[in-house]
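Undergrad: sharing a model prediction with you, sequence too.
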Amino acid sequence: MEELGQSLGEKLHLTDKEKDRVVIDKKNVDEAPIVFIDRFMSLWRGIEGVSICDIGDRRFLVRFVTKRDMQRVLDSEFP
């Protein structure tokens with residue numbers, strides 16, 4: 001980070017809050033995919049339903065029962 005600051009002509013400065021570390025314990029990391037799936041299942045449920053599977057490497061497989069439900073999500077402002 002210091003190198004970056006120097007290369008930008010010392011214009012880059014972190015606030016005290018930004019200098020603090022954020023520690024995320026392993027339990028929270030392990031539970032993140034479950035939280036993601038639960039949240040998006042409720043947001044994208046549609047008329048016929050949706051299934052979401054964790055396929056690893058921070059990727060998920062989403063299957064909509066109907067094309068109409070899928071298109072509704074894709075056409076939304078924040079899919």
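TA: Cool, the structure landed.

Undergrad: for the residue positioned nearest the centre of the chain, report the pLDDT, please.
TA: In the chain, the centroid-proximal residue (CA atoms, centre = their mean) is residue 36; its distance is 7.2 Å. At residue 36, the model reports a pLDDT of 84.

Undergrad: on the three-state scheme, it is what?
TA: helix (DSSP: H, G, I helix; E, B strand; the rest coil).

Undergrad: wait, isn't it in contact with residue 59?
TA: No - using CB atoms under 8 Å, residue 36 is not in contact with residue 59, being 11.0 Å away. Glycine gets a C-beta too; all of them are placed from N, C-alpha and C.

Undergrad: any chance you could map the helices in this structure?
TA: Secondary structure of the chain (DSSP state H): helices located at 2-7, 16-19, 26-44, 67-75.

Undergrad: if I pick residue 66, what's in contact with it?
TA: Contact analysis of residue 66 by CB atoms under 8 Å, 6 or more residues apart in numbering lists 46, 47, 48.

Undergrad: how much space between it and residue 44?
TA: Distance of residue 66 to residue 44, computed by CB to CB, to the nearest Å: 12 Å.

Undergrad: how close does residue 43 get to residue 70?
TA: 13 Å.

Undergrad: these two - which one has more neighbours?
TA: Relative neighbour count places residue 70 above the other of residue 43 and residue 70, with 17 against 13, counting by other CB atoms under 10 Å.

Undergrad: now the more buried one. Nearest residue, chain neighbours left out?
TA: Excluding its sequence neighbours, the residue lying closest to residue 70 (CB to CB, 6 or more residues apart in numbering) is residue 64, at 3.8 Å.

Undergrad: the one you found bridge partners, please.
TA: residue 50 (DSSP bridges).

Undergrad: what about it, neighbour count?
TA: Applying other CB under 10 Å, we find 20 residues neighbouring residue 64.

Undergrad: burial check on residue 38, number of neighbours?
TA: Neighbourhood size, residue 38 [other CB under 10 Å]: 11.
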